[in-house]
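here are the coordinates; sequence isn't available:
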């Protein structure tokens, strides 16, 4: 019988409860590239009359507002990266061409640039195109590119001038309901191009009409669209957003809200809100979790589920919560107060309502919020669509309304959950807004949850602390179902998107080594073909340097005690893998401390597989006969399973 002995040498804090699914969207390292391709064109800044700015100026400002910092995760240049290896370092490409006549823009895009964009889309990148005449130019010079990667055409014989109002297409679910003021043309032939649908049978979620303007003859003309192709077409993994009007020229439309804010601030908020939806379409939806239960710990069920599904930031609240400027960076805000007697402050209601006025999504779970503000409260009525009916009801079971996506949903068959325990008496509310639907009820007419979608914002409100709810009557975990349904059906997240990975992070290396007499056999394995160099330092002095090309590498080193450092660099000189270890002179048993390694004694050459508790393969490692030292330092703390010789060995990494 094959036998394996495993000794962990890592002594860290044990994570007691890990996500039971490995699926996750993590976008904290997203990098955007803004190609300033307007050739120096300018227009008058709607935020500051008399100031003339480039077409990229307010786009970059809006991205900065959303948390993309110039030269950190937002990179701006007036050229496109010349090599695909460089371009794919960025998860989305924003192309700003400005308003220029076609005839004066013979080199709006070169054949090399079009080829790079095609390869980038094929690899999963997302591209935002902005400016008039860019699609007209592409159709004229690169018709095959347009046919393969777009679902739009332009009609060049119609010239649109003097357009000053644009609206969200009423048939589209892409964005909230926006009305923008748009300045008239400033240079010749700068009228907005009309985007006409090529395949009229293609509908959501593959094709969205986003913006339109109402011309004098009342014909709706599309000016912005979003496209991801069906697999029946020439399929590519990326997504495209087209806009023949300029995001930087959009200004706040005065009928949207009477908020007492400067017009320049309103302009910034409305552009950021619109841009959030574009980034969400690309897969970069940002989520904020507000823990307002007077603790500094995220409820374990919420931590588990949200960590499994999405990337999110967390704010712990003791008095007032985040400002509206902070909230406005996020596509959705999840806010829970548990059983706190006075859940949110008046300042919070102002900040939340300002965030919602400019296209936000709010999920709020609060046992006493309705009771706190009572009947006739403007915040409850306008932004949650409810009023207080009763401050307590001793019912034990919540039912998802069959008239909404909570009752019969894609996660579980029927949504019945048991309330946390006696002593938690949820408020009962009534619906006062025609756009509000019942999400949960306790008994007929006893409403305990609502969902409001009035085309300006979306809110979900629960009168019970859902993170404490007991197991669903049929099966499953209520917290999982509620959060996932809120994200996908309520707030329109697409959890299937996997963004393009940058060149630096696409390589995943594992290393191991064993002693063979007076030598050490170092083994290095890459998850994909790699070309670069390996540098080995001992006690900070360079010991070896090797060229690498391929996926599997073996090197012999002279065995000498000391501090070793392995550096793997790509062809650009960027370090893509680094590992240190210490060899101690303890005799022939080679029994020394190895930080981050686990010793495995194997009776033969073989391959082992390491699984996490969800069943996902985390490592596949070649073993030689005898002692092997396997690098586990890149794995999170918790339980893992090693498949070896037809048997499964459970391993605890501390």
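Perfect, I can see it now. These figures come from a predicted structure and were not determined experimentally.

make it CA atoms for all contacts and neighbour counts henceforth
Noted.

Give the rounded mean pLDDT of stretch 628-642.
Average pLDDT, stretch 628-642: 71.

Near residue 315, how many other residues are there?
Neighbour count of residue 315, defined by other C-alpha atoms under 10 Å: 15.

Does it touch residue 295 like I think?
No. Applying C-alpha atoms under 8 Å as the test, residue 315 and residue 295 come out as separate, 10.9 Å apart.

Residue 554 and residue 526, how far apart?
From residue 554 across to residue 526, the span is 12 Å (C-alpha to C-alpha, to the nearest Å).

more neighbours, these two?
Using other C-alpha under 10 Å as the criterion, residue 554 and residue 526 rank with residue 526 on top: 16 against 12.

State the distance from that one to residue 566.
14 Å.

got it, and residue 485?
45 Å.

Give the residue from the two that has the larger number of neighbours.
Neighbour tally, residue 485 and residue 566, criterion other C-alpha under 10 Å: the higher count belongs to residue 485, 20 against 17.

Just read off the phi/psi values of that one.
Per-residue torsions, residue 485: phi -70, psi -40 (degrees, to the nearest 10).

swap in residue 392?
According to degrees, to the nearest 10, residue 392 has phi -170, psi 150.

Verify the contact between it and residue 426 for me.
Yes. Residue 392 lies in contact with residue 426 (C-alpha under 8 Å); the separation is 5.4 Å.

Output the longest strand belonging to this protein.
For the chain, the longest strand by residue count, based on DSSP state E, is strand 519-538.

Of all the residues in that strand, which ones are buried?
Buried positions in strand 519-538, judged by neighbour count with 16 or more other C-alpha atoms under 10 Å: 520-526, 530, 532-538.

Residue 564: what's it in contact with?
With contact taken as C-alpha atoms under 8 Å, 6 or more residues apart in numbering, residue 564 is in contact with 536-540, 580-583.

Residue 244 too?
130-134, 192-195, 223-224.

What of residue 373?
By C-alpha under 8 Å, 6+ apart, residue 373 lies in contact with residue 380.

ok, back up a step: neighbour count: residue 392 and residue 426, which is higher?
Neighbour tally, residue 392 and residue 426, criterion other C-alpha under 10 Å: the higher count belongs to residue 426, 27 against 16.

Checking that one next. Helix, strand or coil?
Per DSSP: H, G, I helix; E, B strand; the rest coil, the local secondary structure of residue 426 is coil.

Backbone dihedrals for it, both of them.
The phi/psi pair for residue 426 (degrees, to the nearest 10) is phi -70, psi 150.

The chain should start at 437 in everything you say after this.
In the new count, where the first residue is 437, that last one comes out as residue 862.

and the gap between it and residue 788?
The value you get for residue 862 to residue 788, if C-alpha to C-alpha is used, is 22 Å.

Which pLDDT value belongs to residue 468?
In this model, residue 468 carries a pLDDT of 94.

rewinding a little: list just the nearest of the contacts of residue 680 to residue 854.
Distance to residue 854, by C-alpha to C-alpha, is smallest for residue 660 among the contacts of residue 680, at 45.7 Å.

what about residue 676, how many neighbours?
By other C-alpha under 10 Å, neighbour count at residue 676 equals 24.

And for residue 1004?
23.

Could you tell me the end-to-end distance of stretch 897-906?
Using C-alpha to C-alpha, one end of stretch 897-906 lies 19 Å from the other.

For it, give me every contacting residue.
With C-alpha under 8 Å, 6+ apart, stretch 897-906 has contacts from 735, 737-738, 772-775, 799-806, 820, 853-856, 860-864, 876, 884-887, 913-915.

Mark which of the residues you listed are buried, thanks.
The buried subset of those - by 16+ other C-alpha under 10 Å - is 737-738, 772-775, 799-806, 820, 853-856, 860-864, 876, 884-887, 913-915.

Helices - which of those residues land there?
Per DSSP state H, helices hold the following members of the buried ones among the contacts of stretch 897-906: 737-738, 805-806, 914-915.

Secondary structure element holding the residue nearest to the spatial centre of the chain?
Centroid-nearest residue in the chain: residue 720, 3.1 Å away (criterion: C-alpha atoms, centre = their mean). Secondary structure from DSSP states H and E places residue 720 outside every helix and strand.

on that earlier part again, pLDDT and distance to residue 508 for the contacts of residue 1000 - can I get that in CSV?
Listed next are these as CSV, based on pLDDT from 0 to 100; distance: C-alpha to C-alpha, whole Å:
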residue, pLDDT, distance to residue 508
972, 87, 30
973, 85, 30
974, 83, 33
975, 79, 33
976, 77, 30
1016, 76, 28
1017, 71, 31
1018, 70, 34
1019, 68, 38
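
Show me which of those is closest to residue 892.
Out of the contacts of residue 1000, the member with the shortest distance to residue 892 (by C-alpha to C-alpha) is residue 1016, at 53.6 Å.

if we can go back for a sec, give me phi/psi at the residue nearest to the centre of the chain?
Dihedral angles (degrees, to the nearest 10) for residue 720: phi -110, psi 50.

so how far is residue 572 from it?
29 Å.

what does residue 629 give?
For residue 629, the distance to residue 572 - C-alpha to C-alpha - is 8 Å.

So if I had to pick from the two, which one is more boxed in?
residue 629 (29 against 20).

can I assume residue 574 sits in a helix?
Yes. Assessed with three-state DSSP, residue 574 lies in a helix.

quick one: contacts for the closest residue to it other than its chain neighbours?
Spatial nearest neighbour of residue 574, chain neighbours left out: residue 582 (6.6 Å); criterion: C-alpha to C-alpha, 6 or more residues apart in numbering. By C-alpha under 8 Å, 6+ apart, residue 582 lies in contact with 571, 574-575, 588.

With respect to residue 546, which of those residues is nearest?
Using C-alpha to C-alpha, the contacts of residue 582 come closest to residue 546 at residue 574, 9.9 Å.

re earlier: for residue 869, state which of the contacts of residue 1000 is nearest.
Nearest to residue 869 among these is residue 1016, at 61.7 Å by C-alpha to C-alpha.

ok, what's across the strand from the nearest residue to the closest one once chain neighbours are set aside?
Nearest residue to residue 1016 in three dimensions, chain neighbours excluded: residue 1001, at 4.3 Å (C-alpha to C-alpha, 6+ apart). When bridges are called by DSSP bridges, residue 1001 pairs up with residue 973, residue 1016.
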